[in-house]
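Below are the sequence and a predicted model for it; my questions follow.
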Amino acid sequence: EIHEQPTAVKTTITPRINEGMPDFSECGLDDEKLASYNNIYIVACGTAMHAGMVGKYVIEKLARTRVTVDMASEFRYRDPIVGKGDLVILISQSGETADTREALLISRKKGADTLAFVNVKGSSIAREADMVMYTHAGPEISVASTKAFTVQISMMYMFAFKLAYAKKVITEEECREYVHKLTQIPQLIEKTLTHDDEAQYAASRIMNAESLLYIGRGLDYALSMEGSLKLKEISYIHSEAYAAGELKHGPIALISEQTPVIAIATQSNIIGKTLSNISEVKSRGAKVVLMCSEDTVIKENVADYIIRIPQCDELLMPILAAVPLQLIAYYTAILRLFNLDETIASGIFDGVTYPWEVLPKIKDYIIELGNTLPTEEYDHPSENIWIAKSASVAPTAYINGPCIIGRNAEVRHCAFIRGNAIVGEGAVVGNST
């Protein structure tokens, strides 16, 4: 599903572009109606709420309209101040999120217009909202949402462009330029996906951490929350996201040599501030993975490892930055040998092998928990070999390709590995290997 994102984003935005301009005619939302709204509320849960946070930053910057983002589980219980002249946007992949649906009903009862961004046609939220626009992500089976997030962000961008033009904050020429840049994003996502080895290496650096911190400012802070959620959701590592400027107000006390920090710095106007925050955590011994655009100049020793993202308009950077964050979570879970989705696979964990279709990177050979790779030649020059924790590789075994060796695995003497190897904590590599 991570690798389906270029197609998902393209199929979501393309039908909403008419002669180079954003077109929301499918739900009856024209420029006059859009311009009439006083306040915008975005209500959602989890990953969808993080998409709403990105939307808030973009809408307020481009359309100069006040936006409030609320957790649906809080919104429904606090007697929200919404009413006629307001627009409430509900975001849900399934269209069945109970708290989000209740927030929808409350908003309608108070007289606000409701617009739903959902992925599943005919869902409860889609049926009950005043207006609905479908994201075309296709089925999302994994518990950890990935492509739904990027298509939700894409819809928020389209909405921001449309609203800014309707309120005459940007010109038609500027609106067309923004839309054109958004249409280039699917290609840039594909380019980002080709560098998954960087995310894989970063995962190998954090896989044994007990706690992790994500930091960022502005749009990068919204991405930090999503990255943290993805990691804890599938790797079971405790992680938190903080606005980088808030570190000095308490969280800095938690930083030590055992607390890796993933810093996101894609916004040039505040990157200096974020780098200053990185130096603060480095001074406490933290190992730092920095994510920034490919043309950002970073001085030596600022971070322990840097992940570069293809250059694009900084306003659109969250779509691209989401991809390495997803891959870091994915590979960390793999390296820790946890099951990514217990609803569809039982996993290497506990000695059972994943179905191949669940883990496309593990195509060739999995040495199961406690088992041994025989003394034979496994020549897979283009694919990876993954060796589970506590498994062993027999003497003189030959692996022609990249190799990941799990924690406490044993590679016995004279085995031959031709390719980059990541070796887990406590693994034993025999002499002459």
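Good, I have the coordinates. Residues are numbered from 1 along each chain as shown.

residue ranges of the helices in the stretch 251-400 of the chain, please?
271-283, 317-335 (DSSP state H, counting those that start in this stretch).

deepest of the ones you listed, which one?
helix 317-335 (a mean of 26; mean count of other CB atoms under 10 Å). Heads up, the C-betas are built off the backbone N, CA and C, glycines and all.

wait, isn't residue 319 in contact with residue 187?
No. Using CB atoms under 8 Å, residue 319 is not in contact with residue 187; the gap is 11.8 Å.

Report the central residue of this structure.
Nearest to the mean C-alpha position of the chain, counting by CA atoms, centre = their mean, stands residue 322 at 3.6 Å.

you'd agree it is up against residue 149?
Yes. Using CB under 8 Å, residue 322 is in contact with residue 149, at 6.1 Å.

residues shared between the contacts of these two?
residue 226 (CB atoms under 8 Å, 6 or more residues apart in numbering).

Can you list the low-confidence ranges for this protein?
Within the chain, the ranges that satisfy pLDDT under 70 run 337-428, 430-433.

50 instead, please
By pLDDT under 50, the low-scoring segments of the chain are 339-384.

show me where the stretch 151-300 of the chain has strands.
Assigned by DSSP state E, counting those that start in this stretch, the strands in the stretch 151-300 of the chain fall at 211-216, 238-243, 261-264, 288-293.

which one of the ones you listed lies closest to residue 111?
strand 238-243 (33.9 Å; CB to CB).

Pull up the pairing partners for the closest one, direction included.
strand 211-216 (parallel) (DSSP bridges).

Go through the partner strand and flag the buried ones.
Buried residues in strand 211-216, counting neighbours by 16 or more other CB atoms under 10 Å, are found at 212, 213, 214, 215, 216.

Correct me if wrong: the first one contacts residue 262.
Yes. Contact status for residue 212 versus residue 262: in contact at 6.9 Å, counting by CB under 8 Å.

Identify the contacts common to the two.
Contacts common to residue 212 and residue 262, judged by CB under 8 Å, 6+ apart, are residue 206.

Pull the number of nearby residues for the nearest residue to residue 312 once chain neighbours are set aside.
Distances taken as CB to CB, 6 or more residues apart in numbering put residue 188 closest to residue 312, at 5.6 Å, once the chain neighbours are dropped. Neighbour count for residue 188, taken as other CB atoms under 10 Å: 21.

Kindly report the same for residue 19.
For residue 19, using other CB under 10 Å, the count is 6.

So it versus residue 9, what's the distance?
20 Å (CB to CB, to the nearest Å).

ditto for residue 174
22 Å.

Pick out whichever of these two has more residues nearby.
Counting neighbours by other CB under 10 Å for residue 174 and for residue 9 shows that residue 9 has the greater number, 26 against 14.

For residue 73, pull up the helix or strand it's in.
helix 72-75 (DSSP states H and E).

quick one: contacts of that helix?
41, 43, 44, 45, 49, 90, 97, 99, 100, 102, 103, 106.

Sounds good, over and out.
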